[in-house]
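**Q** all I have is the shape, not the residue letters:
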């Protein structure tokens, strides 16, 4: 994906703690001679064309990297994904572990399912690192904090009216990450089936 703007710094923060987790989202395009609000407006006006949806079932084995700080959900989703036909599921409890697993894997995952808000290294920071690593995996983003940012000084993106997951998808895709969809928690078996169908996987139920 060719971008008019250069994505440079990874420090756009939502500035709001959610329990023990903090959502850190990327990132500002370099737009010289414009003030902060103008940068924000021009960035959010960038149109990202939607990825085409699979028209036929995929034939390759599905190797998944699943990143979430909820260990119960990790175990439950792993069991469900394997039961539905995934070839392998590797777990990571935060973005740091997820990045380490990705870097050390000889066979890279072809699907990454990533929580947005995690301690130590959040989902958007992780996806920023993966973009720089040349990640070619398809990505599904999930979160239980799909808020609409309040219009006050505590939110850097206070003129963005949409839910957090929509913004997260836009920020990831503008860096070249192949985000296929976003999902709100709680995650059920039905929603896991929907996740797999989104990436063209023929589910065995």
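**A** That came through, no problem. Bear in mind that the values here come from a model prediction, so they are computed numbers and not experimental data.
**Q** which residues of this protein fall in helices?
**A** Using DSSP state H, the helices of the chain run over residues 36-44, 71-83, 95-104, 123-132, 164-173, 189-198.
**Q** got the buried residues for the fifth one?
**A** It refers to helix 164-173. Within helix 164-173, the residues scored as buried using 16 or more other Cβ atoms under 10 Å are 164-165, 167-173. C-beta coordinates here come from the backbone N, C-alpha and C atoms, glycine included.
**Q** thinking again about what came up before, in CSV, list the helices of the chain along with mean pLDDT and distance to residue 182.
**A** Shown next, in CSV, are the helices of the chain (pLDDT from 0 to 100; distance: least, Cβ to Cβ, whole Å):
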stretch, mean pLDDT, distance to residue 182
helix 36-44, 53, 17
helix 71-83, 97, 16
helix 95-104, 96, 17
helix 123-132, 92, 11
helix 164-173, 84, 4
helix 189-198, 94, 10
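**Q** out of those, which comes closest to residue 65?
**A** helix 95-104 (6.1 Å; Cβ to Cβ).
**Q** just the angle between that closest one and helix 123-132, please?
**A** Direction vectors for helix 95-104 and helix 123-132, defined by axes from the mean of the first three to the mean of the last three Cα atoms, to 10 degrees, enclose an angle of 20 degrees.
**Q** what's in contact with helix 95-104?
**A** 65, 67, 90, 92, 108-109, 112, 114, 118, 120-123, 125-126, 129-130, 133, 135 (Cβ atoms under 8 Å, 6 or more residues apart in numbering).
**Q** same question for stretch 59-74.
**A** Against stretch 59-74 from outside (Cβ under 8 Å, 6+ apart): 21, 77-78, 81, 85-95, 97-98, 101-102, 105, 107-115, 118-119, 123, 126, 137, 142, 187, 196, 199, 201.
**Q** what's the ChimeraX syntax to select whichever of the residues you listed are buried?
**A** In ChimeraX syntax, the buried subset of these is picked out as below (16+ other Cβ under 10 Å):
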select :21,77,78,81,86,89,90,91,92,93,94,95,97,98,101,102,108,109,110,111,112,113,114,115,118,123,126,137,142,187,196,199,201
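**Q** does residue 196 touch residue 84 like I think?
**A** Yes - between residue 196 and residue 84 there is a contact at 6.0 Å, judged by Cβ atoms under 8 Å.
**Q** joint contacts of these two?
**A** residue 203.
**Q** how close does residue 200 get to residue 133?
**A** Taking Cβ to Cβ, to the nearest Å as the criterion, residue 200 is separated from residue 133 by 24 Å.
**Q** which of these two has more neighbours?
**A** More crowded of residue 200 and residue 133, by other Cβ atoms under 10 Å: residue 200, with 17 against 12.
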